[in-house]
Structures are given as structure tokens and as C-alpha cells.
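Trainee: Based on what follows, work out the 3D shape:
(2 chains)
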Amino acid sequence: EAGVVQSPRYKIIEKKQPVAFWCNPISGHNTLYWYRQNLGQGPELLIRYENEEAVDDSQLPKDRFSAERLKGVDSTLKIQPAELGDSAVYLCASSPDRANEKLFFGSGTQLSVL
Amino acid sequence: GENVEQHPSTLSVQEGDSAVIKCTYSDSASNYFPWYKQELGKGPQLIIDIRSNVGEKKDQRIAVTLNKTAKHFSLHITETQPEDSAVYFCAAMGTGRRALTFGSGTRLQVQP
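Mentor: Residues are numbered from 1 along each chain as shown, chains lettered A, B, ... in the order given. Below is the predicted model:
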């Protein structure tokens, strides 16, 4: 079984540029998460989807961040414009159970904003 | 919201020794407590979890204990091996917001 797939693995951009991250969850997993992990810290939730509905986006900085999961499968997270403080690893995870307890993470996209 | 504190931030042990990582949480309604292992360049991977109706759970060399009264839980790794070297995260999930809150991580180094 394929795991959670994320691309790209690395991205280097200049500040004020846009950037997008893509995630394909494990087949059959209805719940999808985007987390941000700053250096030396634990992951912090940005947004949670149940199928195509964003059910928890309270921590998503909506002035510059947006996300979509149009068909309830793969998802895209976008930042526009990027700021220096956005440098982090962006992790996607999916969950197979309705309690959303066991998360399966992708390898993440490491973003560097110069 | 939930707040999870984890310590120590770094831990170095000799191969074969035991390692203990401790976490505290703030929301008394939290009822699910997983532990994740993150190796360099990879995403976190679930290694063990415990629910609030259980005080202890063991899986081979790893075990987790939970003290609901004190609101803390711990990860115990026995007979450590070099491949146990990684960053370990605790997390907690409340009954309200169905999302994990993670601790800040412990970097475990097992010296051969």
C-alpha cells in the first residue's frame, strides 16, 4: 500500500513569491490534514478536511494561505505571498478512522523562503 | 485549547540502557495520547498510543504510561538500540477538537 505522497520534497523561493504544495493521501482515507513543523518543534495543525469539507481551519493564516481538496482525494496548500517566517516543513497526513486518531504522515515539503 | 509540554528536549543514552520521555497536557477532557517517531527527512510515524481508560500499554521494547489525575504520560524504551535514535513526539487529542496537539519533541541519541 502506498503511503501519503507529497511533492515537491524541497522548495526554495524568494519572499513575496507564491508557492504550492501537493498531497495525495492513502487510498480510502477520508480525513486529510496539513501541518506545519518549524525547526525543532512539533507539528502544528493548519487545516483538517473531512472528504472535501474543511472542518477545522482555525489555525490557517487566511490572509496568505489557502487550501483545497476539490474531489475529496488529493489536496493543495498554497501560500501567496510567502514571507521569511513561512520557512518550515509542511506535512500532510491522512487518517483511516472516523475518530481521526491514527495519523499517517507524508515525508513533507521543506520550504525555504529567502 | 490543549497545550502539551514535553521533556527532555534531548536525551543521550548508552545502547542497552532505558530511555524515558515525559509529557504533560492541560485539557482534562483529552482522551487519546499517541507517540510518534520522526527520523531525519521523514514524517512522524506512530509507534504506540494509549487511551484514557487504560493506565499502561506495552509493545515489545516500548511502553506508555498515563496518569490522568496528574495529566501526564510517559514513553519508556527498554534495551535501546542505535536504530532507536530519532526525534520522538507526544501528542494529545481532546473530545472537542478532533485534532492532535503535539509536544515540542525529544531528540534521542543512542550511543553504541
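Trainee: alpha carbons only for contacts and neighbour counts from here, please
Mentor: Noted.
Trainee: Spit out the contact partners of the nearest residue to B:Ala86 once chain neighbours are set aside.
Mentor: Of all residues not flanking B:Ala86 in the chain, B:Glu39 sits nearest, at 5.1 Å (C-alpha to C-alpha, 6 or more residues apart in numbering or on different chains). The contact partners of B:Glu39, by C-alpha atoms under 8 Å, 6 or more residues apart in numbering or on different chains, come to B:85-87.
Trainee: Kindly report the same for A:Leu84.
Mentor: A:15, A:112-114.
Trainee: Among the residues you listed, which ones are in strands?
Mentor: A:112-113 (DSSP state E).
Trainee: Near residue 89, how many other residues are there?
Mentor: Just so you know, I chose chain A. Number of residues near A:Val89 (other C-alpha atoms under 10 Å in any protein chain shown) recorded here: 23.
Trainee: Not quite, go with chain B.
Mentor: B:Phe89 - counted by other C-alpha under 10 Å - has 28 other residues nearby.
Trainee: Which strands or helices does the helix or strand harbouring it pack on?
Mentor: Assigned by DSSP states H and E, B:Phe89 falls within strand B:86-92. The helices and strands touching strand B:86-92, judged by 3 or more C-alpha pairs under 8 Å, 6 or more residues apart in numbering or on different chains; DSSP states H and E, are strand B:4-7, strand B:32-38, strand B:101-102, strand B:106-111.
Trainee: Just put the contacts of B:Glu39 in a markdown table and tack on neighbour count and distance to B:Glu79.
Mentor: Converted to a markdown table, the contacts of B:Glu39 look like this (neighbours: other C-alpha atoms under 10 Å in any protein chain shown; distance: C-alpha to C-alpha, whole Å):
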| residue | neighbour count | distance to B:Glu79 |
| --- | --- | --- |
| B:Ser85 | 20 | 12 |
| B:Ala86 | 17 | 15 |
| B:Val87 | 22 | 17 |
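Trainee: Let me have those residues in TSV, adding pLDDT as columns.
Mentor: Compiled in TSV, the contacts of B:Glu39 are given as follows (pLDDT from 0 to 100):
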residue	pLDDT
B:Ser85	98
B:Ala86	98
B:Val87	98
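Trainee: Looking at these, which is nearest A:Arg64?
Mentor: Of all the contacts of B:Glu39, A:Arg64 sits closest to B:Val87, with 30.3 Å by C-alpha to C-alpha.
Trainee: how about the CA coordinates for stretch A:68-87, as CSV?
Mentor: What follows is stretch A:68-87, C-alpha atoms only, in CSV (Å, rounded to 0.1, in the frame of the first residue of the first chain):
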residue,chain,number,x,y,z
GLU,A,68,-8.4,23.0,-1.4
ARG,A,69,-9.5,19.4,-1.7
LEU,A,70,-11.9,19.6,-4.5
LYS,A,71,-12.8,15.9,-5.1
GLY,A,72,-12.1,14.7,-1.6
VAL,A,73,-8.9,13.0,-2.5
ASP,A,74,-5.7,14.9,-3.2
SER,A,75,-5.1,18.4,-1.8
THR,A,76,-3.1,21.5,-2.5
LEU,A,77,-1.9,24.1,0.1
LYS,A,78,-0.9,27.5,-1.3
ILE,A,79,1.0,30.4,0.2
GLN,A,80,0.8,33.8,-1.5
PRO,A,81,2.8,35.8,-0.9
ALA,A,82,5.4,33.9,1.1
GLU,A,83,7.2,35.5,4.0
LEU,A,84,10.5,34.7,5.6
GLY,A,85,8.7,33.2,8.6
ASP,A,86,7.0,30.7,6.4
SER,A,87,10.2,28.7,6.2
